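1. okay, predicted coordinates and the sequence, questions at the end:
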Amino acid sequence: MSRVSPDQDPFRAIADANRRRMLDHMLAGERTVGELAGLLGIAQPSVSQHMAVLRLAGLVEERAEGRRTFYSVRADELRGVAEWIAKYEVFWGERLDALEAHLARQRQ
């Protein structure tokens, strides 16, 4: 069993709402720290700290162009998160189906 450092854990990285919002904004294309700061209404140093967490978790990649750095989402790194969540979607789907069947029996 491989162990993931807390700094590399995508679950920990996406636990923060601002980081999730950053990922959402980067789905539309590459963004700079300045652009993300403007979109989120938070200071550039805070965005830089959040980006460091996302980079360590492998959720973003960076591309330097002159003095600017562009960040983009590495969505394939979220596959493990999606697979984990999918188990619960099945669980809740089964529970809701059972509830629907129970309610149908009650109406009879």
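-> Arrived safely.
2. where along the protein do the helices fall?
-> 10-13, 17-27, 33-40, 44-56, 79-107 (DSSP state H).
3. and stretch 99-108, how far out from the chain's middle?
-> Centroid separation for stretch 99-108 versus its chain: 37 Å, with C-alpha atoms, centre = their mean, to the nearest Å.
4. let me see the mean pLDDT of it.
-> Here stretch 99-108 scores 84 as its mean pLDDT.
5. tally of neighbours for the residue nearest to Y71 when sequence neighbours are not counted?
-> Closest residue to Y71 apart from its sequence neighbours, by C-beta to C-beta, 6 or more residues apart in numbering: V60 at 4.9 Å. Where you see a C-beta, it was placed from the backbone N, CA and C, and this is true even at glycine. Residues within reach of V60, counting by other C-beta atoms under 10 Å, total 25.
6. hang on, V60 packs against A75?
-> No. Counting by C-beta atoms under 8 Å, A75 is not a contact partner of V60; they are 10.0 Å apart.
7. quick one: G66 from Q108, how far?
-> 71 Å (C-beta to C-beta, to the nearest Å).
8. low-confidence regions, this protein specifically.
-> Along the chain, the parts satisfying pLDDT under 70 run over 1-7.
9. in stretch 15-28, what counts as buried?
-> By neighbour count on 16 or more other C-beta atoms under 10 Å, the buried set for stretch 15-28 is 19, 22-23, 25-26.
10. just list the residues touching A57, thanks.
-> A57 sits next to 7-10, 12-13, 77 when contact means C-beta atoms under 8 Å, 6 or more residues apart in numbering.
11. just the buried residues of these.
-> 9-10, 12-13, 77.
12. nearest to K87, of these?
-> Comparing those against K87 with C-beta to C-beta places P10 closest, at 16.1 Å.
13. tell me which residues touch that closest one, please.
-> Counting by C-beta under 8 Å, 6+ apart, P10 touches 57-59, 77-78, 80-81.
14. what about those residues, which are in strands?
-> Using DSSP state E, no member of those sits in strands.
15. most distant residue from the centre of the protein?
-> Most distant residue from the mean C-alpha position of the chain: Q108, 44.5 Å away (C-alpha atoms, centre = their mean).
16. can you tell me how far that residue sits from L99?
-> Q108 is 15 Å from L99, where distance means C-beta to C-beta.
17. noted, bye for now.
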